[in-house]
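Peer 1: Just to be clear, the model below is a prediction. Sequence and coordinates:
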Amino acid sequence: MKKLVVASLFLVGIFSFNSCARQGSPSGGPKDVTPPKLLGSFPDTLAVNVDPNIQEIEIRFDEYIQLKEYNKNVVVSPPFERNPTVTPISMAEKSVRIKLRDALLPNTTYSFNFGDAIQDFNENNKLSNFTYVFSTGSFIDSLSVKGSVFPGTEFELPKKVLVGLYNVDENYNDSVILKSKPYYISRVNEKGEYDLKFLKTGKYKLVAFEDKVENTKFDYGKERVAFNSEIIDLTSNKEVNLKLFDQKPNYRVADSKQKGYGHIVIRTEGAAEKVTITSVNKELSTALYDIHPKQDSVNIWFNPAKEKFENKSERLKFTVQHGEKLDSVSVLYTAPTKDYKSEFKAINETKLAPTQDFKIAALAPIKSINKSLINVFKDTVQIPFDVVVDSIDKQIVRFKFDKNLGENFEVNAYPNAIIDHFDVPNDTLIYQMKTGKREDYGNLKVNIQNLQDSPIFLQLIKKNQKFDVIEEKVGFGREFFFPNINPGDYYLRLYVDENQNGVWDSGDILSGRQPEPVYIYPSKIVIRAMWDSDETWIIGKESEQFILPKEGVVNTEQQPNNRQ
């Protein structure tokens, strides 16, 4: 009889286990699309006079749920000093339990925004933006600050943007933003909207930042940021829009390495254009120091054949001077096993627009060009031309000659026409190209209105796998013409040189300096072949409200060539 009872209990256990493991709807039944529903909580949602010394919070649902990436999805305002212990983590349960490690603040409204963290166990149906609120005081704080965050110089918002309010009291200074989490925090949705709710009366600093590090705190120089210039004195609901900008990091030497034959790169964070490089243990009489502010790097080019290194590998030492700061850098340079040979590659398409220069790129900076060893032909007729090294990138050679629609060209550069920094000449180079016909292109005219009297940088941008700057117009003009544009989708970005220093200046949160104005044209421009497009751009609020819908396209920001 005992054996029969044991066997029966064993079978009951199997069926119970299967019942727990298979909590989905029966095979062939309708798919569950309903998110979990709240049954109750402790403390009750919107409860007041909650004991600040409670040790656990429980939120109950009508079905088994899973909690996805609590630390990434859940935003608590005000934040805890020490992170609580939260369940469920890996198993499905019908409750969320939050075990507190710190006492709650008195007379404070707490809000927990779960984002998309709460999902049912079977079908992953999300209980989106579920918010749980209670107060340790006698009432729920009810003020709010809401608005939109715009991507500034870019077309898409970063993946994770938070907006925070910092308490402004007698202990506040701007370094609080770098050291502390915001007192109130809200997540920005895909439309760029945020809504800080359940706020108490007080004075606050409003800041938005890209939480790339995922620590719910602004990391200076690593994350994009936006801030409201004025302190918010919150006595009624407010609406404030913000625009992100790149916060330049504090200067430091990041790393250094050999990149190729006679080529060393010293990478800095911030202000590469203001450094001075000096060779310490080797004279490097052939050294060329090429500074690239956009990449925050200094390229050091030297001719190993003329430096007479004693060994195959040499330890090269440099000093990097930035103001009063002096750093020492050491790089092991090893001679490549293969002999160096110059190479040139055309970086244009074989079909040029009449306004485009033909360009080729070398492996090293160009030292000299002998124009007498270069010919340019239209069909079979030799034509006048000019050839120059690019003013920004010394590895690019530009060929300038008159072009009209529907013409064929050939560029011939004979041996020794182009000498690079290593004194290595080119072999014979032959490039063939043509200009498109009228039916291949469209034209665009842009009329800008309601803009202050300052010089601007107007960029025509094409959406490919990234956003490429096709052409840039500079000056005080307000009417611009872009002829012979390949058909496709285009966008306009406008930088304003408000202080007229010849560059576009970004902002700095510590000094309280906002970036100079930048605008994105509020709609896509479709260029069609044989069409003349005429766009009137009235600068104003709408110019700040364009965010490209996410389509899996990676945005690459490119600021004006002479930006700072």
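Peer 2: Perfect, I can see it now.
Peer 1: Can you give me the pLDDT of residue 401?
Peer 2: Here, the pLDDT recorded for residue 401 equals 97.
Peer 1: For residue 227, give me its contacts.
Peer 2: Under the criterion of CB atoms under 8 Å, 6 or more residues apart in numbering, the neighbours of residue 227 are 205, 206, 207, 208, 242, 509. Bear in mind the C-beta positions are built from the backbone N, C-alpha and C, glycine included.
Peer 1: should've said residue 439
Peer 2: Residues near residue 439 by CB under 8 Å, 6+ apart: 529, 530.
Peer 1: just use 37 as the starting number from now, easier for me
Peer 2: In the new numbering, first residue 37, that becomes residue 475.
Peer 1: Now do the SS call for it.
Peer 2: When classified by DSSP: H, G, I helix; E, B strand; the rest coil, residue 475 comes out as helix.
Peer 1: Give me the distance between it and residue 507.
Peer 2: In this view, residue 475 and residue 507 are 21 Å apart by CB to CB, to the nearest Å.
Peer 1: Next up, phi/psi of the residue nearest to residue 187 when sequence neighbours are not counted, please.
Peer 2: Ranked by CB to CB, 6 or more residues apart in numbering and with sequence neighbours excluded, the top spatial neighbour of residue 187 is residue 193, at 5.0 Å. Main-chain dihedrals, residue 193, degrees, to the nearest 10: phi -70, psi 150.
Peer 1: Help me confirm that residue 193 comes into contact with residue 226.
Peer 2: Yes: in this structure residue 193 lies within contact range of residue 226 using CB atoms under 8 Å: 7.4 Å.
Peer 1: which strand in this structure runs the most residues?
Peer 2: In the chain, taking DSSP state E as the definition, the longest strand is strand 92-103.
Peer 1: Which strands or helices does it pack on?
Peer 2: The elements that strand 92-103 packs onto, with contact taken as 3 or more CB pairs under 8 Å, 6 or more residues apart in numbering; DSSP states H and E, are strand 74-78, strand 129-135, strand 154-156.
Peer 1: Can you say which of those strands is packed in most?
Peer 2: Greatest average neighbour count among the helices and strands packed on strand 92-103 goes to strand 154-156 (a mean of 23), per mean count of other CB atoms under 10 Å.
Peer 1: Neighbour-wise, give me the winner out of the contacts of residue 263.
Peer 2: Neighbour counts for these (other CB atoms under 10 Å) peak at residue 244, which has 29 neighbours.
Peer 1: Tell me the helices and strands packed up against the helix or strand where that one lies.
Peer 2: Using DSSP states H and E, residue 244 falls within strand 238-246. Counting contacts by 3+ CB pairs under 8 Å, 6+ apart, strand 238-246 is packed against strand 179-186, strand 197-203, helix 212-215, strand 261-263, strand 268-270.
Peer 1: List of residues touching the third one?
Peer 2: It refers to helix 212-215. Helix 212-215 is contacted by residues 202, 241, 243, 254, 256, 545, 546 when judged by CB under 8 Å, 6+ apart.
Peer 1: Equivalent analysis for the second one, please.
Peer 2: Around strand 197-203, the neighbours that count as contacts under CB under 8 Å, 6+ apart are 111, 181, 185, 208, 212-213, 216-224, 228, 230, 232, 235, 238-247, 252, 268, 278, 280.
Peer 1: Give the buried subset of these as a ChimeraX selection command.
Peer 2: To isolate the buried members of those in ChimeraX, using 16 or more other CB atoms under 10 Å:
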select :111,181,185,212,213,217,218,219,220,221,222,223,224,228,230,232,235,238,240,241,242,243,244,245,246,247,252,268,278,280
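Peer 1: show me where the stretch 337-486 of the chain has helices.
Peer 2: With DSSP state H, counting those that start in this stretch, the ranges of helices along the stretch 337-486 of the chain come out as 340-343.
Peer 1: Which stretches in it count as strands?
Peer 2: For the stretch 337-486 of the chain, the strands defined by DSSP state E, counting those that start in this stretch occupy 349-358, 361-370, 380-382, 387-388, 394-398, 402-405, 410-414, 417-418, 422-425, 432-436, 444-449, 454-456, 465-471, 478-485.
Peer 1: For the fifth one, what is the distance to the chain centroid?
Peer 2: Its chain's C-alpha centre lies 29 Å from the corresponding centre of strand 394-398 when counted by CA atoms, centre = their mean, to the nearest Å.
Peer 1: mind listing what the residue nearest the centre of the chain touches?
Peer 2: The centroid of the chain falls nearest to residue 194 when counting by CA atoms, centre = their mean (6.2 Å). By CB under 8 Å, 6+ apart, the contact list for residue 194 reads 187, 246, 248, 260, 280.
Peer 1: so it, which of the three states?
Peer 2: When classified by three-state DSSP, residue 194 comes out as coil.
Peer 1: How about residue 537?
Peer 2: Under three-state DSSP, the three-state class of residue 537 is coil.
Peer 1: what about it, neighbour count?
Peer 2: Residue 537, neighbours per other CB under 10 Å, totals 12.
Peer 1: and what of residue 204?
Peer 2: Neighbour count for residue 204, taken as other CB under 10 Å: 17.
Peer 1: Show the model's pLDDT score for it.
Peer 2: pLDDT, residue 204: 96.
Peer 1: try the one 10 residues further on
Peer 2: pLDDT, the model's per-residue confidence, is 92 for residue 214.
Peer 1: can you tell me how far residue 453 sits from residue 232?
Peer 2: Remark: distance between residue 453 and residue 232 (CB to CB) = 64 Å.
Peer 1: Just say helix, strand or coil for the closest residue to residue 301 other than its chain neighbours.
Peer 2: In space, residue 301 comes closest to residue 295 once its chain neighbours are excluded; the distance is 5.0 Å by CB to CB, 6+ apart. Assigned by three-state DSSP, the conformation of residue 295 is strand.
Peer 1: ok, residue 295 - how many residues close by?
Peer 2: Counted with other CB under 10 Å, residues neighbouring residue 295 total 13.
Peer 1: For it, give its distance to residue 440.
Peer 2: Taken as CB to CB, the span from residue 295 to residue 440 is 41 Å.
Peer 1: thought residue 280 was touching residue 185?
Peer 2: Yes: when contacts are counted by CB under 8 Å, residue 280 is listed as touching residue 185 (6.5 Å).
Peer 1: what sits in contact with each of the two?
Peer 2: Joint contacts of residue 280 and residue 185 (CB under 8 Å, 6+ apart) are 193, 197, 244, 262.
Peer 1: The second one: neighbouring residues, count only.
Peer 2: By the criterion of other CB under 10 Å, residue 197 has 25 neighbours.
Peer 1: Excluding chain neighbours, what is closest to it?
Peer 2: Nearest-residue entry for residue 197: residue 224, 4.0 Å, with adjacent residues in sequence omitted and distances by CB to CB, 6+ apart.
Peer 1: Quick one: residues contacting the one you found.
Peer 2: Contact analysis of residue 224 by CB under 8 Å, 6+ apart lists 185, 193, 197, 198, 199, 230, 244.
Peer 1: And this protein, split by domain according to the record?
Peer 2: 74-171, 179-279, 288-370, 380-472, 476-580 (automatic domain parsing).
Peer 1: Who is residue 223 paired with across the strands?
Peer 2: Beta-bridge pairing of residue 223 under DSSP bridges involves residue 198.
Peer 1: ok, it touching residue 153?
Peer 2: No: Residue 223 is beyond contact range of residue 153, at 11.2 Å (criterion: CB under 8 Å).
Peer 1: remind me which residues of the stretch 187-336 of the chain are low pLDDT?
Peer 2: For the stretch 187-336 of the chain, the stretches with pLDDT under 70 are 308, 329.
Peer 1: 90 - rerun?
Peer 2: Within the stretch 187-336 of the chain, the set of residues satisfying pLDDT under 90 comprises 191-192, 195, 206-207, 209-211, 226, 249-251, 284-287, 305-311, 317-319, 327-333.
Peer 1: can you redo the helices and strands packed on strand 238-246 as CSV with distance to residue 383?
Peer 2: Putting the helices and strands packed on strand 238-246 into CSV (distance: least, CB to CB, whole Å) gives the following:
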stretch, distance to residue 383
strand 179-186, 33
strand 197-203, 35
helix 212-215, 41
strand 261-263, 34
strand 268-270, 49
